[in-house]
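Undergrad: what follows is a protein structure lacking sequence information:
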C-alpha cells in the first residue's frame, strides 16, 4: 500500500526545493510547451552560434584543390599563370619528346583516360581530337 504524504507538511529543519510559484502579475504561466522566459531563444541571437561543423576534406577534394592551383611559369621570356595539372602535362610531354619511355606511357594513359587521340589534319599537321 502506498501512503499519501502531505507535501506541505515538512519536518522541521529540512528545506524544500520547490519551484517558485508563477506570480500572477507577469501573465505568463510556465508549463507544457511553455518554457521559462529566461531559457527561450533571445531575439537577435542564434540558437547555434558556432554554426554547422565543417566537414573534413577527403582525398579527392584535396587532390582537386592542389591540381587547380596556379603557378607562374616563364615561356619565351614572358611570365604567365597555368594550373599545376597543365604544368604536369607539359613536363610529361617534354620528357616523352626527349625520349623517356615512362613519360610516354604515362602520357598515353592520360590520353586514353580523357579519350584524346591524335589525328592527321588535311594540311598534314597532327592535331589532337577529343572523342565524345
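TA: Sure thing, it's come through. Note that the structure is a prediction, hence the values are computed from the model and not measured.
Undergrad: from residue 63, how far out is the residue most central in space within the chain?
TA: Taking Cα atoms, centre = their mean, the centroid of the chain lies closest to residue 55, which sits 4.7 Å from it. Residue 55 sits 16 Å away from residue 63, going by Cβ to Cβ, to the nearest Å. From N, CA and C alone the C-beta is placed, and that goes for glycine too.
Undergrad: now the end-to-end length of stretch 52-65.
TA: 22 Å (Cα to Cα, to the nearest Å).
Undergrad: could you pull up the mean pLDDT of that stretch?
TA: Stretch 52-65 shows a mean pLDDT of 91.
Undergrad: you'd agree the residue nearest to the centre of the chain is in a helix?
TA: No. Assigned with DSSP: H, G, I helix; E, B strand; the rest coil, residue 55 falls outside any helix and is coil.
Undergrad: this structure: helices as residue ranges?
TA: Taking DSSP state H, the helices of the chain run over residues 59-68, 84-97, 101-113.
Undergrad: buried ones in the last one, by neighbour count?
TA: For helix 101-113, the neighbour count (16 or more other Cβ atoms under 10 Å) marks 103, 104, 106, 107 as buried.
Undergrad: next one: the longest one
TA: Using 16+ other Cβ under 10 Å as the burial criterion, the residues of helix 84-97 that qualify are 89, 92, 95, 96.
Undergrad: report the separation between the last one and residue 126.
TA: Read that as residue 96. 14 Å.
Undergrad: in JSON lines, list the buried residues of helix 84-97 along with distance to residue 78 and pLDDT.
TA: Formatted as JSON lines, the buried residues of helix 84-97 follow (distance: Cβ to Cβ, whole Å; pLDDT from 0 to 100):
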{"residue": "89", "distance to residue 78": "20", "pLDDT": "93"}
{"residue": "92", "distance to residue 78": "22", "pLDDT": "95"}
{"residue": "95", "distance to residue 78": "23", "pLDDT": "96"}
{"residue": "96", "distance to residue 78": "25", "pLDDT": "95"}
